[in-house]
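J.: All I have is the shape, not the residue letters:
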């Protein structure tokens, strides 16, 4: 059977390391240096595995202190990093209804071992949902990412069985005995029992991929159309558009937009496309938006109409992140004291999709200047938007 080309990005990259961002993203954060190899592992599937819905009371099998603490020195010879090695034998397997203790051990093994560099490719395929469908592709991807992920580990704190073939897993992504800066807090994932082994689910891998700024979706599944831009309305009258494109108040997707007020306040908007993100389960949205990537990690959940968001109020700025239903994540940051939390929520709610593709400002002229034909009476017409950093609003005038 030839593989059906759907791509599941396994986040064995930036998010599990001490800090190496997706350089193409507008959401990059400053983090400690990491190896330059940012290869990703793609797993392709040929079939969908049907999952029977089983109603069951949650069964908890938790270790008192979670998994063993990672060694402080990843190059130490005193013991394996994270207490796991590629030579660890696959433990006995069972669904939780048959033997919950055996199943708990198997779930933990899958979550802790799938990421190990040098793991036998057939063994790894049995620890990832649908992994057998692209054994060679997964192996190739891990080889390319070896220098980046060799010291990454997954620690498991708790396993709860919600059905005989499904488990809710609390886990932590760690690098060199420290939390990942992208996901410094414990995460909730899913383990699934398929073809005789417990595995990390593709939904859990997608959460990690989105946190690294990568798409995670299966071709063939319906996805909403992504707009060319988002039109922003409702700004205070003293806020002028600063670009970086025309027409005003139109933010490219993906892209950014900025406004400045006469009194020095400013607003910036960033729009990022993550194909598949709008289908993230409601229970996982806050975990996703709380990642470092979206700049509101220490904030609190908030609703913007019927859309989930997260807001961070700091001394000198407010950041609001909103997950839109069109696979776009929007981040609004207001500096100064002019715009309130309610203002940002209203602005996020005002954004409407547009088919207009913004045009970058002409090189050499910068924002706020429009070049006019030579045979007219005006050589240049300053717009009502302030050049970046001036804090001034220019009045439309003509030049003799």
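T.: Noted; the coordinates are in hand. In this text, all values refer to a predicted model and were calculated from it rather than measured experimentally.
J.: For the rest of this, base every contact and every neighbour count on C-alpha atoms.
T.: Fine.
J.: The longest strand belonging to the chain pairs with which strands, parallel or anti?
T.: The strand that spans the most residues within the chain, counting by DSSP state E, is strand 152-163. Strand 152-163 pairs in its sheet with strand 59-60 (antiparallel), strand 166-175 (antiparallel), by DSSP bridges.
J.: pLDDT averaged over the helix or strand containing residue 142 - what is it?
T.: Per DSSP states H and E, residue 142 falls inside helix 135-144. For helix 135-144, mean pLDDT is 78.
J.: For that helix, name the packing helices and strands.
T.: Counting by 3 or more C-alpha pairs under 8 Å, 6 or more residues apart in numbering; DSSP states H and E, the packing neighbours recorded for helix 135-144 are strand 41-45, helix 121-125.
J.: at 6 Å instead, please
T.: Applying 3 or more C-alpha pairs under 6 Å, 6 or more residues apart in numbering; DSSP states H and E, one finds that helix 135-144 contacts strand 41-45.
J.: Of all the residues in the longest helix anywhere in the chain, which ones are buried?
T.: Longest helix of the chain, by residue count under DSSP state H: helix 100-113. By neighbour count on 16 or more other C-alpha atoms under 10 Å, the buried set for helix 100-113 is 100-101, 103-113.
J.: same thing with stretch 142-162?
T.: 142-143, 145-162.
J.: Same check on stretch 275-292?
T.: 275-278, 280, 285-292.
J.: Name the surrounding residues that touch stretch 95-111.
T.: Stretch 95-111 is touched from outside by 94, 127, 164, 165, 198, 199, 200, with contacts defined as C-alpha atoms under 6 Å, 6 or more residues apart in numbering.
J.: Only the buried subset of these, as a ChimeraX command please.
T.: A single ChimeraX command selects the buried members of these (16+ other C-alpha under 10 Å):
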select :94,127,164,165,198,199,200
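J.: For the contacts of stretch 95-111, give me JSON lines that also has distance to residue 215, secondary structure and pLDDT.
T.: Putting the contacts of stretch 95-111 into JSON lines (distance: C-alpha to C-alpha, whole Å; DSSP: H, G, I helix; E, B strand; the rest coil; pLDDT from 0 to 100) gives the following:
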{"residue": "94", "distance to residue 215": "33", "secondary structure": "coil", "pLDDT": "97"}
{"residue": "127", "distance to residue 215": "22", "secondary structure": "coil", "pLDDT": "95"}
{"residue": "164", "distance to residue 215": "30", "secondary structure": "coil", "pLDDT": "97"}
{"residue": "165", "distance to residue 215": "27", "secondary structure": "coil", "pLDDT": "97"}
{"residue": "198", "distance to residue 215": "25", "secondary structure": "strand", "pLDDT": "98"}
{"residue": "199", "distance to residue 215": "21", "secondary structure": "strand", "pLDDT": "96"}
{"residue": "200", "distance to residue 215": "18", "secondary structure": "strand", "pLDDT": "94"}
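J.: Name the nearest of the contacts of stretch 95-111 relative to residue 263.
T.: Distance to residue 263 across the contacts of stretch 95-111 (C-alpha to C-alpha) is lowest for residue 200, with 51.8 Å.
J.: Can you read off the pLDDT for the nearest residue to that closest one once chain neighbours are set aside?
T.: Excluding the flanking residues, the one nearest residue 200 by C-alpha to C-alpha, 6 or more residues apart in numbering is residue 191, at 4.8 Å. Per-residue confidence at residue 191 stands at 96 (pLDDT).
J.: and if you look at residue 316?
T.: We note a pLDDT of 85 for residue 316 in this prediction.
J.: tally of neighbours for it?
T.: For residue 316, the neighbour count with other C-alpha atoms under 10 Å is 9.
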